[in-house]
Every structure is written in C-alpha cells, then in structure tokens.
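1. no sequence on this one, just coordinates:
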C-alpha cells in the first residue's frame, strides 16, 4: 500500500518532464550548398550535436593566432551526407573575429566560401530556440 | 614696552608689504615698451587697421612645411613612424628560417597531394603553419580549403579538418 504513492509520483514526474522543458525549439541540421568549389553552410551546434540521429554532421569555427601578429579564422561544416565545406580568412576584421568568438552552445552558424576557399560571410546567431 | 611692540609690528608689516609688492608686480618697463610700440606697428601696416591682412598663403605653407620637416627630422624614430612602409615591412628572415619555411611548405604540399586528411595530417599542418610567414600561411590555408571543398582531399579527421 505504501508503494502506491511512490509509483504515482514517479509516473507523474516522468509525464511532466517534457512539460518542464517545453519551449520553442527549432532544429537547424547542418546543410551545405555547393556550387563547384564555393558554397555555403549553416546549422546550429545543438542540432548537430544532440538532435540528430547520425554521427557525421558538425559545424563550427576556429579563431587562431600566433600571438604576435597574424590571425586566421576557419569555419568547417559537414552534413549528414558527408559533404564538407570549409572556409578561412587571414584578413578577418574585428567584427568577423568577434562573431567567431561569440560561438557557444546556443549558436547558429552560417558561412560562405568563395572559389579560393576564403570566407565571404559569417553569421553567428545565439538564440534560446537553438537549445 | 607696548609702544615697542606696536612699532615692531608696523615695521614688519611695512617690510612684508614692500616685499610682496616687489615680487608680485610685473616688470612694467618691458611691457610698457611693447605696448608703446603697438600703435607704431599698426600705423606702419595699414591692412591691420582697415581689415583682414593679406597673407601670402604659399609662403605660409612653405614655412609650415619647413618647420614640420625640421621637427620630424629631429625625432630619432622618424623613419619608423606607424603606417609607414618601413614600419610595416618585417625584418628579413634568416637563412635558417627560410629553409625551415621551405621544408614546411614541402611537407604541406606532400600531405595535400596524398589525398587523405586525417588527425595526423591536421596536426602536422598546424605545426607547419606556425613556421610560415603571412603570405605562405595564406597560400597553405587556401590550398587546404580548396582541396577539401573540391573533394580532392578526403577528410577523415575526428572533428574539423583544422
């Protein structure tokens, strides 16, 4: 008889678990468009990491410096279909570097590469619905 | 006794007042001489009285340029001013550095030509990249990204290629 309240509480907790996390969530799986060597890619980190069934896709950016002078940024994405797109910039301005530095677990990234592999566009959006 | 104190105080007050007046007062002799010469100057140059003086702008510009050149020449680091070509150009690399860079470039070329890009290649590429100068670095990054984007390089790294 004493087990009944425990069972009820457990069932209720499990049932309400999804309600506790209920909020706007939008998946943005890694998507890549290619036109020859150039192309563009987008996706959110959370979708690529936690909301997909494949173990292939990823997206992200790197900011690298030799401390003294030069710096490069590098973005890479791989879709579920194993298509890879990368881009780099050794002449990134402050805004682009700040955008890369702002990438976190709530980030959605979009980047574009020209035919020489250079990044022509980087967008970073940090929103709760990406979580 | 009181008279003595009063007289002493008067002497001190008079003495200090005289001293202050002496130190604070301007050197009236020079100032009055300058002030006296102003009307003469104005009378001599009628343009100062009648309106705006005619200024020889080219002569003024030449004078300013001359003064600026002299001031810049007096500075010890005038040649390495920020933004100048002399400041921007790096020091020439030593033969050892040049050799290391050439070796690093050759290693990158060999890795890219192999057609596969795994964790080992990524690590070696990063190691080589550090040695290169800015222009070589840009070229190496361009070679890598275009090889990946064109599909000639098969990426098998755990995570991103770089």
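-> Nice, I can see it. Computed from a predicted model, the values in this text were never measured in an experiment.

2. all contacts plus neighbour counts: C-alpha atoms, from now on.
-> Noted.

3. Name the spans of chain A whose pLDDT lies under the cut-off.
-> Low-confidence segments of chain A (pLDDT under 70): A:1-2, A:9-21, A:69-70.

4. Just want the most central residue of it.
-> Taking CA atoms, centre = their mean as the criterion, residue A:45 is the residue nearest the geometric centre of chain A, at 2.3 Å.

5. buried ones in stretch B:130-139?
-> Using 16 or more other CA atoms under 10 Å in any protein chain shown as the test for burial, stretch B:130-139 gives B:131, B:132, B:133, B:134, B:136, B:137, B:138.

6. and which of those residues is nearest residue A:111?
-> Checking the buried residues of stretch B:130-139 against residue A:111 by CA to CA gives residue B:138 as the nearest, at 18.6 Å.

7. Packing partners of the helix or strand where the closest one lies?
-> Residue B:138 belongs to helix B:134-150 when assigned by DSSP states H and E. On a contact count with 3 or more CA pairs under 8 Å, 6 or more residues apart in numbering or on different chains; DSSP states H and E, helix B:134-150 meets strand A:84-89, helix B:95-114.

8. Following the longest one in sequence, what is the next regular element?
-> Scanning the chain past helix B:95-114 towards its C-terminal end, the next helix or strand to appear is strand B:116-117 (assignment: DSSP H and E).

9. Touching that next one from outside, list them.
-> B:111, B:153, B:154, B:155, B:156, B:157, B:161 (CA atoms under 8 Å, 6 or more residues apart in numbering or on different chains).

10. Stretch A:51-70 now?
-> A:27, A:29-30, A:42-45, A:48-49, A:71-82, A:90, A:97, A:100-101, A:103, A:109, B:130, B:134, B:159-160.

11. In helices only, show me those.
-> Among the contacts of stretch A:51-70, the members falling in helices (DSSP state H) are A:45, A:48, A:49, A:97, A:100, A:101, B:130, B:134.

12. so the fourth one touches residue A:75, yeah?
-> No. Between residue A:97 and residue A:75 no contact is recorded; they are 11.5 Å apart, counting by CA atoms under 8 Å.

13. Compare neighbour counts for the two and give me the winner.
-> Of the pair residue A:97 and residue A:75, residue A:75 is the one with more neighbours under other CA atoms under 10 Å in any protein chain shown, namely 28 against 19.

14. ok, that one - contacts?
-> A:59, A:60, A:61, A:62, A:86, A:87, A:88, A:111.

15. again, only this time at 6 Å
-> Going by CA atoms under 6 Å, 6 or more residues apart in numbering or on different chains, residue A:75 touches A:60, A:61, A:86, A:87.

16. Residue numbers of chain A in contact with chain B?
-> Contact residues, chain A versus chain B (CA under 6 Å from any CA of the partner chain): A:37, A:85, A:86, A:117.

17. returning to that earlier point: among the helices and strands packed on helix B:134-150, which is the most enclosed?
-> Mean neighbour counts were compared across these using mean count of other CA atoms under 10 Å in any protein chain shown; the top stretch is strand A:84-89, at a mean of 28.
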